[in-house]
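Chemist: Mind folding the following:
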Amino acid sequence: FICSGSSDNRVCVWDVDNNKQIQSFNDHLSYVMCVKFSSYHYHNHRQYIICSSSWDKTIRITNMDHMTKQFVYGMLKHQNHYIFSMDMKIFNNDNNNKMNNIGVIGGNGYTICSGSSDRTIRIWDIETTKQLNVFKGHEN
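Modeler: Residues are numbered from 1 along each chain as shown. Predicted coordinates for the structure are as follows:
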């Protein structure tokens, strides 16, 4: 599968082998800027989880369970600012992880990093949907 987002506010999932769209979500209220499958959920739980960020100021986390739309974790929100970019990372909870040494990572170490028009980068714990850290410094 591949997933895509568009200015029509939709996230679409495509079957590459059959060259057709198999699912469409229209839960965002504005342009979808970034869409990714979660490799963590696929490799550890054999679930197709899609994370999408939008100009509606949210990141939505959706489960493609047998092609039935279902929210697993809900959404994360930058208050009053567009979200332009998003990525998912796994940080190991061991002593060699520099992120742990500054107290950034909690829960299972599975995080989303988002960039917004509020000039910040935010780290979110997926397990708890809590914001873990805010990085400030961009001027525009």
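Chemist: gap between the nearest residue to residue 136 once chain neighbours are set aside and residue 47?
Modeler: Leaving aside its sequence neighbours, residue 136 sits nearest to residue 120 (C-beta to C-beta, 6 or more residues apart in numbering; 5.4 Å). C-beta: built from backbone N, CA, C; applies to glycine. Distance, residue 120 to residue 47, using C-beta to C-beta, to the nearest Å: 30 Å.
Chemist: ditto for residue 61
Modeler: From residue 61 to residue 47 the distance is 11 Å (C-beta to C-beta).
Chemist: For this structure, just list every one of the helices.
Modeler: Taking DSSP state H as the test, the helices found in the chain are 39-45, 98-101.
Chemist: Would you mind identifying the helix or strand in this protein with the lowest mean pLDDT?
Modeler: When the helices and strands of the chain are scored by mean pLDDT, DSSP states H and E, helix 98-101 comes last with a mean of 41.
Chemist: residue contacts, the residue most central in space within the chain?
Modeler: Taking C-alpha atoms, centre = their mean, the centroid of the chain lies closest to residue 51, which sits 3.5 Å from it. Going by C-beta atoms under 8 Å, 6 or more residues apart in numbering, residue 51 touches 35-36, 38, 59-62, 86, 88, 112.
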